[in-house]
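Engineer: A structural model of the following input is requested.
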Amino acid sequence: MAQLVRHPLTSIGYVRQDALVPAGQSGVVFYLRIPSDYVAFIDQVANSYYPDCYLVWEIDGERVIVRHQMGTMNAPKEFRPPIVVFHYVKWVAYNQSTEDHWFEVLNDGYVVEREVLGLC
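Structural biologist: Below you'll find the model as predicted:
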């Protein structure tokens, strides 16, 4: 039996991403595709937030509307147990204000090979 080894999520992509979203528009702030031979476990989340704006956090097709700051970049919200991701994580910001805003998102954690988990 293979040994369970956790690899940092940074080994497959950027865990902190950002984007400028113009007033009255929307834009993808964060996108991370999980390679097919891994499963991701997100245990730290942070996002910026502005009045008259909201974000949609999508994990493997399931969407959650976020209308608040879940954690800061220096003090992210901890998730115990972690959030399991098989395919992708995506955050889209909807800027309904009259000003452009710079959005930041952090989704950090680790990945494990599917084979080790018996999910081949």
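Engineer: How are the helices of the chain distributed by residue range?
Structural biologist: When secondary structure is read from DSSP state H, the chain shows helices at 114-117.
Engineer: Low-confidence ranges, it, go.
Structural biologist: Judged against pLDDT under 70, the low-scoring parts of the chain cover residues 1-2, 120.
Engineer: isn't Ile59 right up against Phe79?
Structural biologist: No. No contact is recorded between Ile59 and Phe79 when judged using Cβ atoms under 8 Å, the distance being 11.6 Å. For every residue, glycine as well, the C-beta is placed using N, CA and C.
Engineer: which of those two has more neighbours?
Structural biologist: Set Ile59 next to Phe79 and count neighbours by other Cβ atoms under 10 Å: Ile59 wins out with 20 against 16.
Engineer: contacting residues for the more buried one?
Structural biologist: Applying Cβ atoms under 8 Å, 6 or more residues apart in numbering to Ile59 gives the contacts 83, 85, 88-90.
Engineer: Beta-bridge partners for the residue positioned nearest the centre of the chain, please?
Structural biologist: Per Cα atoms, centre = their mean, the C-alpha nearest to the average position across the chain is that of Asn107, at 3.9 Å. According to DSSP bridges, the partner residues bridging Asn107 are Val45.
Engineer: before we move on, what about Leu55?
Structural biologist: When bridges are called by DSSP bridges, Leu55 pairs up with Val66, Ala93.
Engineer: what about it, how many neighbours?
Structural biologist: 27.
Engineer: pretty sure it contacts His101?
Structural biologist: No. Taking contacts as Cβ under 8 Å, Leu55 lies outside contact range of His101: 11.0 Å.
Engineer: Quickly list what's touching both of these two.
Structural biologist: Taking Cβ under 8 Å, 6+ apart as the contact criterion, the common neighbours of Leu55 and His101 are Ala93.
Engineer: Could I get the CA-only coordinates of stretch 87-106 as CSV?
Structural biologist: Included here for stretch 87-106 are C-alpha records, laid out as CSV according to Å, rounded to 0.1, in the frame of the first residue of the first chain:
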residue,chain,number,x,y,z
HIS,A,87,-11.6,19.1,-10.3
TYR,A,88,-11.4,22.9,-9.8
VAL,A,89,-11.8,26.0,-7.6
LYS,A,90,-13.1,29.2,-9.0
TRP,A,91,-14.0,32.6,-7.6
VAL,A,92,-15.8,35.3,-9.6
ALA,A,93,-16.3,38.8,-8.3
TYR,A,94,-19.3,40.9,-9.1
ASN,A,95,-18.6,44.6,-8.8
GLN,A,96,-21.9,46.4,-8.5
SER,A,97,-20.3,49.6,-7.2
THR,A,98,-19.4,52.8,-9.1
GLU,A,99,-15.6,52.2,-8.5
ASP,A,100,-13.1,49.7,-9.8
HIS,A,101,-11.9,47.3,-7.2
TRP,A,102,-8.9,45.0,-6.8
PHE,A,103,-10.0,41.6,-5.5
GLU,A,104,-7.7,39.0,-3.9
VAL,A,105,-8.4,35.4,-3.0
LEU,A,106,-6.4,32.8,-1.1
